[in-house]
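**Student:** Mind looking at a prediction? Sequence and model below.
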Amino acid sequence: MPLAGFFQAASLEPMQVDVVEENQNVEEEQHYVVENATIDLDHYASQYVGLARLNRLLFIAEHCNSLKIEALRMALNYTMKTTFNTSLYQIIHHKLVQATSGVRTGSNSSSNNLPDLAPVNSIDTQWVEVTSKKAALKLEKLDTDLKNYKSNSIKESIRRGHDDLGDHYLDCGDLSNALKCYSRARDYCTSPKHVVNMCLNVIKVSVYLQNWSHVQSYVNKAEATPDTSDSSKDANQTISSRLKCAAGLADLATRKYKSAAKYFLQVNFDLCEFPELLSPSNIATYGALCALATFDRKELQVNVISSSSFKQFLELEPQLRDIMSKFYESKYASCLTLLDELKDNLLLDMYVAPHVNTLYTQIRNRALCQYFSPYLSADMRKMAEAFNTTVGALEDELMQLILDGQIKARIDSHNKILYAKDADQRSTTFEKALIVGKEYQRRTKALILRSAVIKCQIHVRSPPREGLQGGEMSIAPASASSMVRN
């Protein structure tokens, strides 16, 4: 996303950012404007801290004109209060000036009586200078402390020194150096708790950099740490929930929707505390959409609707809860209507926005397949009513599903009837039986041959190696092991 560039200073990234499949939806991600958003920005922003809040506010400002000025003002104030990121402050201020001047120009040329906008103060050069000096002094102090720790060879102090430096670089918006410092702490970890803390720090920065393979790699490292395997401790369950959130986010970004759904469904509601990346509402949204797009009816019932833990997440998003229940009850027109009402807000979520159209298409296709599955034939006129669409549009959708192999059927275009392909169950069963029989016969012959080789003590001469004479490989009776005779 273009916002990632805001937080990268002059230094180069230490690794490549995974954007292989994201490039397929660059146009969807960058070139759209949401007109009818219903987001309460104050409540929305309060769910996040640090760069997560700034990233999301700037994304909303980029894609929603009605919320642009408010989002930029909130981002500007938050940057001044909580960070040393002077370069980001100047970028946001410039965008805010442009946005307010554009609105004033539009209101002057329009006959509508728009309320006067509060003027934007000129850039606070004093704050920029003071903050830059404070950041430089703090960096110098932390660097000096770290050198002292290294000279004393105290591992714990060195580890904390690297973490403190990483935190400072993060506050300054220098993600590359923050990632380097957090990664260097790995060599000085003296307990499983330290290793997990290091992994969480690296995961956090890697998400900001959108390096999803790095996120998944460090999630695996953290989960392999012995101390985290003990799920009886609340602290370990909290860590596990954070790791599931990060892994789900990485799979969502790389379009592994079913895997992402499984990760989000495993998050513990009572121990879900990860404001640096996600809110509980995000987990409900991402998990529900990915599950609807990829789970079959049974999986949806067992893993989502009957899940006591995920029900608590869905309570935070009543509209999603209704969508889930209507989809399961086969009330597809109502379900798809509610999804359309939710779409504008989803397009303002920086992580799910690039996938909204893909997920919506998969959900609709799954609904069409699920609707037709019990029938040998279906009237496309009634089917069109059930999906709130025209017969012509439905026919095009069904044709694509048939071509993709998702529905085994044929279309009577004249009478507008969809017929299921009449599979001959008898011949299909015979074919499967013949295949299984041939495989059983092949395995049996192989076992008989092996037994004969062992019984007859057949010797196989091994190929000669360089500088060595060729030997003989023999198989001892009743033994599958081999040895070389010189």
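**Tutor:** Alright, I've got the coordinates.
**Student:** what ranges of this structure fall below the confidence cut-off?
**Tutor:** For the chain, the stretches flagged by pLDDT under 70 are 1-30, 102-118, 228-234, 423-424, 465-486.
**Student:** Could you list the domains of it?
**Tutor:** In terms of domains, the chain is parsed into 230-374, 375-420, 438-485 (source: automatic domain parsing).
**Student:** which residues touch stretch 315-322?
**Tutor:** Under the criterion CB atoms under 8 Å, 6 or more residues apart in numbering, residues 280-281, 284-285, 288-289, 314, 338, 341-342 lie in contact with stretch 315-322. Every C-beta, even on glycine, is put in place using the N, C-alpha and C of the backbone.
**Student:** I'd like to know which of those residues are buried.
**Tutor:** Neighbour counting with 16 or more other CB atoms under 10 Å marks 280-281, 284-285, 288-289, 314, 338, 342 as buried within the contacts of stretch 315-322.
**Student:** Out of those, give me the two with the largest separation.
**Tutor:** Comparing all pairs in the buried ones among the contacts of stretch 315-322 by CB to CB, the longest separation belongs to Pro280 and Leu338, at 20.4 Å.
**Student:** Give me the contacts around stretch 334-353.
**Tutor:** 1, 3, 28-29, 32, 34-39, 55-56, 59-60, 63-64, 67, 249, 252-253, 282, 285-286, 289, 319-320, 322-323, 326-327, 356, 359-360, 363-364, 367, 387-388.
**Student:** at 7 Å instead, please
**Tutor:** 1, 29, 32, 34, 36-39, 55-56, 59-60, 63-64, 249, 252-253, 285-286, 289, 319, 322-323, 326-327, 356, 360, 363-364, 387-388 (CB atoms under 7 Å, 6 or more residues apart in numbering).
**Student:** Stretch 256-267 now?
**Tutor:** If you take CB under 7 Å, 6+ apart as the criterion, stretch 256-267 is touched by 241, 244-245, 247-248, 251-252, 283, 286-287, 290-291, 293-295, 303-304, 307, 310, 359.
**Student:** number of nearby residues for Thr190?
**Tutor:** Using other CB atoms under 10 Å, Thr190 has 10 neighbouring residues.
**Student:** Report the contact partners of Ile305.
**Tutor:** So Ile305 contacts 324, 328 (CB under 7 Å, 6+ apart).
**Student:** any idea how far it is from Arg186?
**Tutor:** 42 Å (CB to CB, to the nearest Å).
**Student:** In ChimeraX, select just the buried ones from the contacts of stretch 334-353.
**Tutor:** To isolate in ChimeraX the members of these that are buried, counting by 16+ other CB under 10 Å, one can use:
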select :1,29,34,37,39,55,56,59,60,63,64,249,252,253,285,286,289,323,326,327,356,360,363,364,387
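**Student:** longest helix in this structure, by residue count?
**Tutor:** Longest helix of the chain, by residue count under DSSP state H: helix 425-455.
**Student:** Now Glu397: closest residue in space, sequence neighbours ignored.
**Tutor:** Leaving aside its sequence neighbours, Glu397 sits nearest to Leu368 (CB to CB, 6 or more residues apart in numbering; 6.5 Å).
**Student:** Counting by contacts, list what the one helix or strand the one you found maps to packs against.
**Tutor:** Leu368 belongs to helix 356-372 when elements are defined using DSSP states H and E. Other helices and strands packing on helix 356-372, by 3 or more CB pairs under 7 Å, 6 or more residues apart in numbering; DSSP states H and E, are helix 280-294, helix 332-346, helix 391-404.
**Student:** Quick one: closest of those to Asn148.
**Tutor:** Of those, nearest to Asn148 by CB to CB is helix 280-294, at 41.6 Å.
**Student:** Give the next helix or strand downstream of that closest one.
**Tutor:** By DSSP H and E, the next helix or strand past helix 280-294 is helix 297-299.
**Student:** angle of whichever helix or strand comes after that following helix against helix 280-294?
**Tutor:** The element immediately downstream of helix 297-299 (helix or strand, assigned by DSSP H and E) is helix 308-315. Counting by axes from the mean of the first three to the mean of the last three CA atoms, to 10 degrees, helix 308-315 points 110 degrees away from the direction of helix 280-294.
**Student:** Grab the nearest non-local neighbour of Thr238.
**Tutor:** Closest to Thr238 by CB to CB, 6+ apart is Leu271, at 4.4 Å.
**Student:** Give me the neighbour count for that neighbour.
**Tutor:** 16.
**Student:** Please tell me I have it right and it contacts Arg242.
**Tutor:** No - applying CB atoms under 7 Å as the test, Leu271 and Arg242 come out as separate, 8.9 Å apart.
**Student:** picking up where we left off before, how about the helix holding Leu368 as CSV, C-alpha atoms only?
**Tutor:** This file holds the C-alpha atoms of helix 356-372, laid out as CSV (Å, rounded to 0.1, in the frame of the first residue of the first chain):
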residue,chain,number,x,y,z
VAL,A,356,-13.5,-7.2,-0.8
ASN,A,357,-14.5,-7.9,-4.4
THR,A,358,-12.8,-11.3,-4.4
LEU,A,359,-14.4,-12.3,-1.1
TYR,A,360,-17.8,-11.0,-2.2
THR,A,361,-17.6,-13.0,-5.4
GLN,A,362,-16.6,-16.2,-3.6
ILE,A,363,-19.4,-15.8,-1.1
ARG,A,364,-22.0,-15.3,-3.9
ASN,A,365,-20.7,-18.2,-5.9
ARG,A,366,-20.8,-20.4,-2.8
ALA,A,367,-24.4,-19.3,-2.2
LEU,A,368,-25.4,-20.2,-5.8
CYS,A,369,-23.7,-23.7,-5.5
GLN,A,370,-25.4,-24.3,-2.1
TYR,A,371,-28.8,-23.2,-3.4
PHE,A,372,-28.7,-25.6,-6.4
